[in-house]
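1. The following comprises the amino acid sequence and a computationally predicted model.
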Amino acid sequence: MPNFTHRLRVAFPDTDTSGRIHFTAMLRYFESAEIEFLRSLGFSYRDAPDIGFPRVRVECEYRSAVGFDDELDIAVSVKRVGTSSYMLEFIALKDGAVAANGSIVVVCVGRPGRAQALPVALKEALNAAWRTLAACGVPNAGDTSS
């Protein structure tokens, strides 16, 4: 049970010559959903201009064909919140069926290039979203290992 869903439509430039979504496009769609999810929590990466948020792990599994002009609902949920990192999971639904699923691990990095604690406002917002999932009985929700 996701706690946030972002709807979008597959753009023509995001398809390949077969008319199907290019494999890299789904990752950009996940990122768009991530940004909107964080905005819904009241946080933007712009709120922390002296901190970087690189992705250190990215996964995507394609389950069915997706093509130009298909409408996708990208569900975002918090899988884990640690001291300096967090993990988000994504499910892309097309007509209610899973078209792709994936995850990202994001690390908070200071300008010298070293991991540092997540900003308090971000960590609190992620934990609140995570607790919502755990309260709904979602398996593995609430993992706070770092």
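-> Looks like it arrived, so ask away.
2. Give me the three-state assignment for the residue most central in space within the chain.
-> For the chain, residue 34 is the residue whose C-alpha lies nearest the centre (C-alpha atoms, centre = their mean; 4.1 Å). Assigned with DSSP: H, G, I helix; E, B strand; the rest coil, residue 34 falls in the helix class.
3. Let's see the pLDDT reported for it.
-> According to the prediction, residue 34 has pLDDT 97.
4. Bridge partners for residue 88, pull those for me.
-> Residue 88 has the following beta-bridge partners by DSSP bridges: residue 78, residue 104.
5. That one: neighbour count?
-> Residue 88 has 24 neighbours, counted by other C-beta atoms under 10 Å. The way it works is simple: take the backbone N, C-alpha and C, and place the C-beta from them, glycine included.
6. Wait, it touches residue 106, no?
-> Yes. With contact defined as C-beta atoms under 8 Å, residue 88 counts as touching residue 106 (7.4 Å).
7. Point out where this protein drops to low pLDDT.
-> Within the chain, the ranges that satisfy pLDDT under 70 run 1-3, 133-146.
8. same thing but 50
-> Where the chain drops to pLDDT under 50, the residues are 1, 141-146.
9. ok, which stretches of it are strands?
-> Using DSSP state E, the strands of the chain run over 4-9, 51-52, 55-62, 71-81, 85-94, 97-107, 109-110.
10. Now do the fifth one and strand 4-9, the angle between them.
-> In other words, strand 85-94. 50 degrees (axes from the mean of the first three to the mean of the last three C-alpha atoms, to 10 degrees).
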